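Trainee: Return atomic coordinates for the entry below.
(chains A, B and C)
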Amino acid sequence: MITLASDFGSPYPAAMRGVVHRRTTGGVQVSDVAHDLPRQDPRAAAFWLRFVLPEYPPATHCVVVDPGVGTDRAALVVRAGDHVLVGPDNGVLLPPARALAASAAGGGERAADDAVPTANLDVYEIAVDDPASATFHGRDVFAPTAADVHEVGVDALGTLDALSPTDSSVDLRFPSPTVESDGDGLGTRATGEVLVVDDFGNAITNVPGSFLDDRLGESVTVTAPDRVTTAPAVETFAAVAPGDPLVTVGSHGYVECDVNEGRGEEAFGLASGDPVTLAFGLN
Amino acid sequence: MITLASDFGSPYPAAMRGVVHRRTTGGVQVSDVAHDLPRQDPRAAAFWLRFVLPEYPPATHCVVVDPGVGTDRAALVVRAGDHVLVGPDNGVLLPPARALAASAAGGGERAADDAVPTANLDVYEIAVDDPASATFHGRDVFAPTAADVHEVGVDALGTLDALSPTDSSVDLRFPSPTVESDGDGLGTRATGEVLVVDDFGNAITNVPGSFLDDRLGESVTVTAPDRVTTAPAVETFAAVAPGDPLVTVGSHGYVECDVNEGRGEEAFGLASGDPVTLAFGLN
Amino acid sequence: MITLASDFGSPYPAAMRGVVHRRTTGGVQVSDVAHDLPRQDPRAAAFWLRFVLPEYPPATHCVVVDPGVGTDRAALVVRAGDHVLVGPDNGVLLPPARALAASAAGGGERAADDAVPTANLDVYEIAVDDPASATFHGRDVFAPTAADVHEVGVDALGTLDALSPTDSSVDLRFPSPTVESDGDGLGTRATGEVLVVDDFGNAITNVPGSFLDDRLGESVTVTAPDRVTTAPAVETFAAVAPGDPLVTVGSHGYVECDVNEGRGEEAFGLASGDPVTLAFGLN
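Mentor: Numbering: from 1, shown residues only, chains lettered A, B, ... in the order given. Here you go, the predicted structure:
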């Protein structure tokens, strides 16, 4: 199976679909992950791919979010357990690769991949005739390589002439929040940031879901750059009335600031990349 | 074959695609129906699914439009002829299930499914560990169940441990319009509502297409909440000039209020759920 | 393999997917090219399809951009090398068909298809019971025909009862720009038009990429209907700062007016169909 993910919108991804079908034999399955990943934003794309790719069975994942196309940034193939990722060397590949390697290693827990050493991953650089050419690398470099990787199989990557091992690649780590407690443990404050805002308007922070452990039902003070909002920490949207704000743990394992049947980004005044503070019993 | 439909936008459906591929064997075909179904609106989703699912060959249809996720609403598997639907118990499944059962029974006619007795359908409740947990039921409940249903086959649903027959499920019926005629039959009035507005801006009513029988070419008076518009009843968009309003029968079999190369919802002042009156020779 | 392309948005294309799966055997692969092709615009759709369809292996391509549905416009099947196109007779099929025929003939070069004689193509008219009916031709005519074509195979089109050869079909040619040079060759001006604006806001002109040969790094004067903008001719977006305009050759082989990490259509004041002049050393 080959999956395709990009920020290309439409109809450019169709050229990639065509290429992988044309260069493979035997009716390979092609699955579109998404082609509306946050545009030119490898960090946000890495967040989403780290979240969804581990749900797939072993596959070759072709990922093209590539603001550096036409510069001399390298093109990579990354092996992560039984999965392979193909894409630009700008950091978008390593976070999902770690999640896939953790999953293959039986680590299992979602979003716990940051502990997996990069040493468990094999990274190859793709030989590209003219890396700085203005061609459509999704069509002309990444999709053909994904097809070739699929054909040769994950255990034979080293036999592909176009690939040479490298130990230098751009990594990207999501920032960790700072968590402070007062003396008696009743007051707790997490200082972090908004990683992404999803399609529903939910503002997803980098604060791990465990921050809400044993505090469900309590009030959280959320401090955004220009606004302070108080909302209950709840297990589910339906715990508050439609239109009301809430703080909960999303399916990705992080705390998010939401509105039931509304847009959390607007109610809380939060955008992707914003600093945010969440506090119980403190300000 | 497994189809996926939701109101999740992107990229959440990729997690469901991954799950169904991971939990099935032998390269199951996965077809995305749509992931931009009207958000949190089981009634509008049911309208669209009733329209498109009967076009598919026998398949397992995973449907997730689920404003009640995290409440104790049940999770269902519905067998309808050779098809199976999997999704939340909020009414979104029964209208397309009746259409699929009617189609399997040879009833054939599109949009004529309301006459099929629910008794022709088998309904099962899915055992969910903690129905009110805040997990992503599309990924964690419905997609895995759809994969399991596909693997075991439609004739062996009863062998799945997670399923138990139930005779209590939320149904949903589309309202029927009231049709009145004056004494000589020259004047006719249908009082109904707008079921959905489609991507083109066409306002689709619940008035059956037969209301326009023998009246093509005549003028229809369309009364919306804040506007009265007169437009010709025609067979096709091209019968009026670009930009002009028209009333016609859509491919779903209902009367819709449209504009040729424009948006009917704006010209007629109609939104989903609005009451609407259509009249020939009356006001 | 069957590909589907339309301007239907969502969820109407699901009906077409269902039909092609229902009418074929043995698990045909179905690939969505795009369903957000420029609405009711066969010319822009033809541009995109000419660009992406040649990337596919031999396939049946079902194309529905059909402002004339419900008129008596014909329905066509076009054979182009090992590929087949199915769609309305409004010009949308011939440009991609020529590109596919050129590709099959080994012509190879992208965007060089206008030289392929139409004689290399076989065109058939589909017998449609009532061409001017108000049905959903994507579901009721084109998808079933695409399925039947796939089942019978490209070499046996003549055996399908519904098809009869025709030598009359609507063609569509993209306009050629006018290129003038002054005496010493230092000044050059191309007068053309904007073919389409893509999802990124890039304004794609009909001026062939060769216009920039040997002029990279020089300044281009771009004259739009209400604005004159000067920008460098560069090989790649990254050659200018984010937010700055540029003129480059896109992956389709034409000159486009873009902004690095921004929207060229806004910076240059260009929309689809606009006349545009590009000049080096002249005004």
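Trainee: where exactly do the strands run in the stretch 101-250 of chain A?
Mentor: Counting by DSSP state E, counting those that start in this stretch, the stretch 101-250 of chain A has strands at residues A:121-126, A:163-165, A:178-181, A:188-197, A:203-208, A:219-224, A:227-232, A:245-249.
Trainee: per-stretch mean pLDDT over the ones you listed, give me the minimum one.
Mentor: With a mean of 92, strand A:178-181 has the lowest mean pLDDT of the strands of the stretch 101-250 of chain A.
Trainee: what residues does that one touch?
Mentor: Residues from elsewhere that reach strand A:178-181 (C-beta atoms under 8 Å, 6 or more residues apart in numbering or on different chains): A:G187, A:T188, A:R189, A:A190, A:T191, A:G192, A:V207, A:F211. Where C-beta positions appear, they are placed from N, C-alpha and C, glycine not excepted.
Trainee: what's the spacing between it and its chain's center?
Mentor: Averaging C-alpha positions (C-alpha atoms, centre = their mean, to the nearest Å) puts strand A:178-181 25 Å from its chain's average.
Trainee: Out of the contacts of strand A:178-181, give me the one that has the most neighbours.
Mentor: A:V207 (27 neighbours; other C-beta atoms under 10 Å in any protein chain shown).
Trainee: that older thread, turn the contacts of strand A:178-181 into TSV, including distance to A:H21.
Mentor: Output for the contacts of strand A:178-181, formatted as TSV (distance: C-beta to C-beta, whole Å):
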residue	distance to A:H21
A:G187	58
A:T188	52
A:R189	52
A:A190	47
A:T191	48
A:G192	42
A:V207	42
A:F211	45
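Trainee: which among the residues you listed gets closest to B:T248?
Mentor: For these, the residue nearest B:T248 by C-beta to C-beta is A:V207; the value is 53.2 Å.
Trainee: Spell out for me which residue occupies the centre of chain A.
Mentor: A:F47 (1.9 Å; C-alpha atoms, centre = their mean).
Trainee: Looks to me like that residue is in a helix.
Mentor: Yes - A:F47 sits within a helix when classified using DSSP: H, G, I helix; E, B strand; the rest coil.
Trainee: picking up where we left off before, for the strands of the stretch 101-250 of chain A, which one sits closest to B:P175?
Mentor: strand A:245-249 (33.1 Å).
Trainee: Report all helices and strands that the helix or strand just after the closest one contacts.
Mentor: The element immediately downstream of strand A:245-249 (helix or strand, assigned by DSSP states H and E) is strand A:254-259. Using 3 or more C-beta pairs under 8 Å, 6 or more residues apart in numbering or on different chains; DSSP states H and E, the elements in contact with strand A:254-259 are strand A:203-208, strand A:245-249, helix A:264-268.
Trainee: what residues does strand A:254-259 touch?
Mentor: Contacts of strand A:254-259 with the rest of the structure, by C-beta under 8 Å, 6+ apart, involve A:111, A:190, A:195, A:200-209, A:211-212, A:222, A:229, A:231, A:237, A:243-250, A:264, A:266-268, A:270, A:276, A:278.
Trainee: filter the residues you listed down to the ones close to chain B.
Mentor: Here is what survives when the contacts of strand A:254-259 are matched to chain B using C-beta under 8 Å from any C-beta of the partner chain: A:F200, A:F237, A:T248, A:V249.
Trainee: which ones are touching the second one?
Mentor: Contact analysis of A:F237 by C-beta under 8 Å, 6+ apart lists A:L246, A:T248, A:D258, A:N260, A:E261, B:V69, B:G70.
Trainee: how does it look with 7 Å?
Mentor: Counting by C-beta atoms under 7 Å, 6 or more residues apart in numbering or on different chains, A:F237 makes contact with A:L246, A:D258, A:N260, B:G70.
Trainee: any idea which of the residues you listed is least confident?
Mentor: Minimum pLDDT across the contacts of A:F237 is recorded for B:G70, with 82.
Trainee: Widest-spaced pair of the contacts of strand A:178-181?
Mentor: Pairwise distances across the contacts of strand A:178-181 peak at 16.9 Å for A:G187 and A:G192 (criterion: C-beta to C-beta).
Trainee: Residue of the stretch 1-150 of chain A nearest chain C, please.
Mentor: When scored by C-beta to the nearest C-beta, the stretch 1-150 of chain A has A:G70 as its residue closest to chain C, at 2.6 Å.
Trainee: Tell me how many other residues crowd that residue.
Mentor: Neighbour count for A:G70, taken as other C-beta under 10 Å: 21.
Trainee: and it, that one's in a strand?
Mentor: No - looking at A:G70 with three-state DSSP, it is coil, so not inside a strand.
Trainee: related to what we said a few turns ago, out of the contacts of strand A:178-181, who's nearest C:G217?
Mentor: Proximity of these to C:G217 was ranked by C-beta to C-beta; the top entry is A:G192 with 44.9 Å.
Trainee: is that closest one in a bridge, and if so with what?
Mentor: A:V276 (DSSP bridges).
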